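Colleague: Quick one: sequence plus predicted model below, questions after.
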Amino acid sequence: MRIVVDLNRCQSYGQCVFAAPEVFRFRGEESLEYDHVPGPASAAAVRRAALACPVQAITLGASAEQIPLPAAAHR
Amino acid sequence: MSASAADRVVVVGASLAGLRTAESLRQNGFTGRLTLIGDEPHEPYDRPPLSKAVLSGRLSTDQVRLPRACDLYADWLLDVSATGLDLAAREVRLADGRGVGFDRVVIATGSAARPWSDPVEGSLRGVHLLRGRDDADRLRADLAELAGFAGESGRVLVIGGGFTGSEVASSCRNLGLSVTVTQRGTAPLASALGEVVGGAIGARQCAHGVDLRVHTTVRRLVGDAFGRLRQARLSDGTVLDVRVAVVATGSVRNTGWLRGSGLVADARGVSCDSACRALDAERRVVAGVYVAGDVARWRHPRFDTGPLSFEHWGNAIDQAETVAHNIMSGRVRENDALPAFWSDQFGLNIKSVGLPGCADQVVLSQGSFEHGPFVAAYGRAGVTVGAVAVNSPRVLDGYAALITERAPFPPAVNATDSLGPPVPLDARFPHPARELVSASIPKGQS
C-alpha cells in the first residue's frame, strides 16, 4: 500500500505511532517520519492510524494502477 | 469554459504538483485524455524525506514513492524532457522529437538545484547537488562510505545554510560525520526566517556539533589528479580537507523549455495570476495555460508583495487543486490558502505559516530562543503576516487565524509560556524588501 502524510497539517499527536509503530515514528520530540510504502502486513494498522489521526493528515492510496516505467528506472 | 470529455489535458511535470493536478482533474470528473510528462525515469515521489530520512539511511528512495488518490487513466511519458511549448500549434515539444498536442496545458516543471558556479569544480566526484531521488541515492552512498571511516576524513562540507543545507547537515550529524556549513550571511535560514530566528536556530545547530561558518563563502573546490574532491578553500582563509561537498545554494525554476513561447518565464518562475492562469507580458490571461507548484510566480492575494514563487509542498497541492478546479469549472477560483511549510533538523520541528519573508519585525511570542520550544510572530507595517513554531506544532492554527484576519502586530497571544509584554525586533531579512515590495508591480493589475 501507499500513504502520504500532510506534514503541514500534522500536529504530532502521535496516534499513528501508537497504531502502526512499524510505519510511523518520531524523530526528536515532534518530527514525524514514516514509510510511504508499508508492506501488506501493516495494512490494517495503517488504516487504523489514518482513522485515528485527529487532524486527518494521512491519505491512503486508492489506486493499484501500474505506471509504465522506462527501462532506466530498473537499473 | 469548462473542459469536456473531448479535451486533451497535458501536464508537464510529474512530481507532486503534476500528480496532484492529474488526481484532482479525475476527482473533479474530467473524462478526457490526460498525459503526464516527466523528465525523471521514476514515478512520482515525495521530495521532503530525501534530505532527512533518506540521507540518514532510515528510508530507501523506493520508500518515498507517492500514493495515487484515484486511478488516473493517464498516458505517462517519463524520462523525457519537454523542450518547447508552441501555443499557436497547441503542442508540447519533447527532447526525443515528439510533439504532444493539447487543449489545455499545465506547467508544473518545478525547480532545480542551483549548480556550483564553476562547472569543472562542480563536476568533481564528491561534489553533490540534492534535488531528485537519484541525487539522494548518490549522496547517500558517499555519506555511508564516509561514515565507515573514522576521524577527520569524515568531514562533509555543506555550502549554503538554507533549509536543504541545514537538513543535510543534520543528516550528516545523525551519521556521526563532522560537518562544516558555510553561510554567506549572518545566520542560517535567514532568507526564509530572518536573521533573528535564523540565528536562534543556528545556535542550536552549533550545539549539535555543526561547524557553522557565517559570513563565509567557498572560494574554490580543489580536486586531485583523478577528478576527486580533496580540498575546499574558504573565504576566511581556511583550507578544509573534504571528500564530500553538498552545494545547497538555492534553486532555479525549470523554465528554459518555455523560451520563445510568449509566456513570461525566467529562472524566478512563470508569471501567473492567483487563479494559476499563465499571464503574458501585458499581464493578460493566456487561454488554456495553467501553472502550479514551485515554478509558478504569482502575487498571493493575502499579502501586499510583488510576485513570488513558493517552493513548498503545500503550495504544490493547493495550486494543483486550484488548476484542476479552474479547468473543470466555469467559476474561476483563486488560491488564497495561507503558505505553510515545515523542516525537521537537529531534533527540531520547524513549522511556518503565512509569509514571514515579507515581514519587517519579529517578536518572540512564546517560549525561549535559547532552550526548548518557541514561537515567533512576524509583522509587516503593523499587521501580523507570519509565524514560525519550533517544536510547537499544535499552536500554529491560532496564529494562522491571526494572519488570516490581519490582526495587529504584535498580536495579543497571552499564552502561559509568553514572557510579559512582547518586544518587537527588526526581523533582519537579508533580501530587501526589493524583491517583495508591491511598488514594483504596475498599478491597476490584479
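Modeller: Arrived safely. Worth saying up front: this structure is predicted, and the values here are computed from it rather than measured.

Colleague: Could you use CA atoms for every contact and neighbour count after this?
Modeller: Noted.

Colleague: Tell me where chain A has helices.
Modeller: Counting by DSSP state H, chain A has helices at residues A:15-19, A:43-52.

Colleague: Tell me which of those sits most buried.
Modeller: helix A:15-19 (a mean of 20; mean count of other Cα atoms under 10 Å in any protein chain shown).

Colleague: OK, contacts around residue 31?
Modeller: Assuming you mean chain A. Shown in contact with A:Ser31 (Cα atoms under 8 Å, 6 or more residues apart in numbering or on different chains): A:12, B:344, B:347-349.

Colleague: My question was about chain B, not that one.
Modeller: B:Thr31 touches B:4-5, counting by Cα under 8 Å, 6+ apart.

Colleague: what's the answer for B:Val54, then?
Modeller: Counting by Cα under 8 Å, 6+ apart, B:Val54 has contacts B:60-61, B:136, B:140.

Colleague: What separation do you get for it and chain A?
Modeller: 11 Å (Cα to the nearest Cα, to the nearest Å).

Colleague: what pLDDT does that residue get?
Modeller: Note on B:Val54: pLDDT of 98.

Colleague: where's it, which helix or strand?
Modeller: Per DSSP states H and E, B:Val54 falls between elements, in no helix or strand.

Colleague: Okay, and the beta partners of the most centrally placed residue in chain A?
Modeller: Against the mean C-alpha coordinate of chain A, by Cα atoms, centre = their mean, the closest residue is A:Ile3 at 4.0 Å. Beta bridges link A:Ile3 to A:Leu60 when assigned by DSSP bridges.

Colleague: my guess is it contacts B:Gln63, does it?
Modeller: No - with contact defined as Cα atoms under 8 Å, A:Ile3 does not count as touching B:Gln63 (10.1 Å).

Colleague: hey, what's in contact with both of those two?
Modeller: Joint contacts of A:Ile3 and B:Gln63 (Cα under 8 Å, 6+ apart) are A:35-38.

Colleague: Give me the nearest residue to B:Glu40, chain neighbours excluded.
Modeller: B:Asp79 (4.6 Å; Cα to Cα, 6 or more residues apart in numbering or on different chains).

Colleague: so that neighbour sits right up against A:Pro70, yeah?
Modeller: Yes - the criterion here is Cα under 8 Å, and B:Asp79 meets it with A:Pro70 at 6.8 Å.

Colleague: who touches both of those two?
Modeller: B:41-42.

Colleague: If I look at the nearest residue to B:Ala381 once chain neighbours are set aside, what pLDDT would I see?
Modeller: Nearest residue to B:Ala381, sequence neighbours excluded (Cα to Cα, 6+ apart): B:Asp360, at 7.2 Å. Looking at B:Asp360, its pLDDT is 96.

Colleague: and B:Asp360, backbone torsions?
Modeller: phi -110, psi -20 (degrees, to the nearest 10).

Colleague: B:Val383 too?
Modeller: phi -120, psi 140.

Colleague: same thing with the one 5 residues further on?
Modeller: Listed backbone geometry of B:Val388 is phi -130, psi 130, with angles given as degrees, to the nearest 10.
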